[in-house]
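In: Below are the sequence and a predicted model for it; my questions follow.
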Amino acid sequence: MLLLLSATVITAATMGYIKLPAASVLKILLAKLSGQAQWLDGMNPLYPVVVFDVRLPRILASAVVGAGLAVSGVIFQAILLNPLADPYTLGVSAGAAFGASVAILLNIWWLGAYSVPLFAFMGAGLTLVLVLYLASGGGGLSSNNLILAGIIVAAILSAGISFLKYMADEQVAVIIFWLMGSFASKTWIDVGLTLAFISGGFLVALFFSRDMNLMALGDRTATSLGVNTGRTTFILLVTASLVAAVCVSISGIIGFVGLLVPHMVRLITGPDNRRLVPLSLLTGALLLLIADTVTRAVLPSEIPIGVLTALIGGPFFCYLFYKQQRFRKIL
Amino acid sequence: MSTLFQLESVSFSYDRQRVVDNVSLSIGPGRFYGVIGPNGSGKTTLADLLVRHRRPASGEVLFRGKPLSAYSRKTLAREMALVPQNFYIRFPFTVREVVFMGRYPHMPRFAAPSAEDVRVVEAVMEKAEIGPFAERFITELSGGERQRVIFARALAQDTPVLILDEATSNLDIRHALALLKLCKEKVDREGQTVLGIMQDINLAAAYCDELIFLYKGQLVAHGPTPRTLTPEIIQRVFGVEAKVYFDDWAETRRVVFRN
């Protein structure tokens, strides 16, 4: 699986406006990684720039975000005991979108290119705090409370976004474009930041994967098997939401990856989170990378990645849903 | 007799509703206890207090002489297992996977199951007669079958204390008797302590060494079955007329009711 992912990264790097042979991509990679600049002598000096500074950051960003969304989806489904939960269930995406819209509308650029992602992240973080606060009102963080609080907050925020769009005049296109998601012009710094967050989230998910299994048996049973359910739920929810928030801030709203990937992987591995978490990570990375490569290099003109994943993911999910009605094995 | 659990004037309320009211009780090792009382008399909450799923609003629960709160969750998970009343799993784990979850408290976090874990799981599935559907999905089983899987999971936890919350409510009579007989054997042979919340007084009469009667959160009676299973106590707790007699054929006490 890891090999497949690496191969896809290299293949994706060869594709694009300038076609490159896989051998040169490998050569460029090796030269950069080992610091042996003389290996590149005799190659068109444009190629290393194209591969290393333009394509690779974007390719890696899409893979890392795909991985993050998938892992976050696994956590949400396990904690909320709801196979239909996804990284956006708690309104994280609406919060991020609202934050981004505010930044775009008010023309806040004092942090350069990072203003919009930063605002998106703050929006997502504040939404998470609000949702957790609302849901913890009576009797702990129950799955139903969380989902309801998430829906309420998301509904208010999307009304807010509509209002911002209405106010936006000429920036409305920028907002809409941001919301639909894109990996265009990602830098190594973007990649590094997301990678750091998502690796952290992945390790947390792996650490608690056994506890997530037990929580599928219900609160009382999980407690009697030694899980501190309240604390574990809280840690995992915050982790998953932060991972989702980072993903959204970097790439805009990309739907269906977080919902679909855990389902697909569960069909193969079964619901044991100790296998589900790592395999979803790799599958998510692979799928989003392929999807992004398709919009970037295969399609005649680039369409927003969020639209593409929804267009492909939606019907595929319908298919899975239909199969599951017949075999009753997913839920 | 040494004590395992010592409850000292324990109370618990949901909002303003007091469900466990000033209960003092001691539970000794190697006995089969039956908890009996009408719906809403605080039986399940009592079980929750014993496994520390809830903490008492006042009073204290001592376990082996120390406050329950002094134990870590993991230690408690090796001391007591709970078979819950309502049970619903959303994800299609196989039966074997669910039973293995009972071994988690004995396994390091990232370890593969040891030979001992595998042996215990196989033995338990055999005993609970769920071997034939070990590879089926828990989501596809009937209510009674699922209850037996959950019971097996608690047995796999291999704890000195086993708490059953109406663990036989969905079982047919053959499996209900088999399950209680299994518990009785563990009590008599291995010195396990079983505390079962029971709806069927006759099943309790047949298997339990001691009965604990609850009514509106208060302890009405507690003692050896022959002494506490009386028409007066049943009248006080359930408000129905009953006759208690020893049945020579079944070799046990029976209770019959009249409206």
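Out: Okay, I see it. Residues are numbered from 1 along each chain as shown, chains lettered A, B, ... in the order given.
In: if I pick B:Y215, what's in contact with it?
Out: B:G37, B:P38, B:S41, B:R236, B:V237 (Cβ atoms under 8 Å, 6 or more residues apart in numbering or on different chains). Backbone N, C-alpha and C define where each C-beta goes, glycine included.
In: which secondary structure element contains the last one?
Out: Taking DSSP states H and E as the definition, B:V237 sits inside helix B:231-238.
In: Show me the contact partners of that helix.
Out: Under Cβ under 8 Å, 6+ apart, the answer for helix B:231-238 is B:36-38, B:41, B:201, B:213-215, B:220-221, B:240-244, B:255.
In: if we go to 10 Å?
Out: By Cβ atoms under 10 Å, 6 or more residues apart in numbering or on different chains, the residues outside helix B:231-238 that reach it are B:36-38, B:41, B:201, B:211, B:213-216, B:220-221, B:223, B:227-228, B:230, B:240-244, B:255, B:257.
In: ok, of these, which come out buried?
Out: By neighbour count, with 16 or more other Cβ atoms under 10 Å in any protein chain shown, the contacts of helix B:231-238 hold B:36-37, B:41, B:201, B:211, B:213-215, B:220-221, B:228, B:242, B:244, B:255 as buried.
In: if we can go back for a sec, immediately after the helix holding B:V237, which helix or strand?
Out: strand B:241-247.
In: relative orientation of the helix or strand following that next one and strand B:241-247 in degrees?
Out: Once the chain leaves strand B:241-247, the next helix or strand it forms, by DSSP H and E, is strand B:252-258. Angle, strand B:252-258 to strand B:241-247, by axes from the mean of the first three to the mean of the last three Cα atoms, to 10 degrees: 150 degrees.
In: Strand B:252-258 pairs with which strands?
Out: strand B:241-247 (antiparallel) (DSSP bridges).
In: does B:G223 count as helix, strand or coil?
Out: Three-state assignment for B:G223 (DSSP: H, G, I helix; E, B strand; the rest coil): strand.
In: give the contact list for it.
Out: B:G223 sits in contact with B:E210, B:L211, B:I212, B:F213, B:L229, B:I233, where contact means Cβ under 10 Å, 6+ apart.
In: Which pLDDT value belongs to it?
Out: Note on B:G223: pLDDT of 95.
In: Run a quick neighbour tally on the residue of the stretch 1-150 of chain A found nearest chain B.
Out: As assessed by Cβ to the nearest Cβ, chain B sits closest to A:L81 within the stretch 1-150 of chain A, at 5.0 Å. Using other Cβ atoms under 10 Å in any protein chain shown, A:L81 has 19 other residues around it.
In: does it sit in a helix, a strand or a coil?
Out: Applying three-state DSSP: A:L81 is coil.
In: Show me what residue of chain A gets nearest to chain B.
Out: For chain A, Cβ to the nearest Cβ, closest residue to chain B: A:G226, 3.1 Å.
In: For that residue, which three-state class applies?
Out: Assignment for A:G226 (three-state DSSP): coil.
In: thought it was touching B:L82?
Out: No: with contacts counted by Cβ atoms under 10 Å, A:G226 stays clear of B:L82, the gap being 11.4 Å.
In: Residues that sit against both of those two, list them.
Out: Counting by Cβ under 10 Å, 6+ apart, the contacts common to A:G226 and B:L82 are B:Q157.
In: who's more crowded, these two?
Out: B:L82 (27 against 19).
In: What residues are bridge-paired with the more buried one?
Out: Beta-bridge partners, per DSSP bridges, of B:L82: B:I163.
In: can you pull the contacts of it?
Out: Contacts of B:L82 (Cβ under 10 Å, 6+ apart): A:220-221, A:223-225, B:47-48, B:50-51, B:53, B:150, B:154, B:157, B:159, B:161-165, B:167, B:195.
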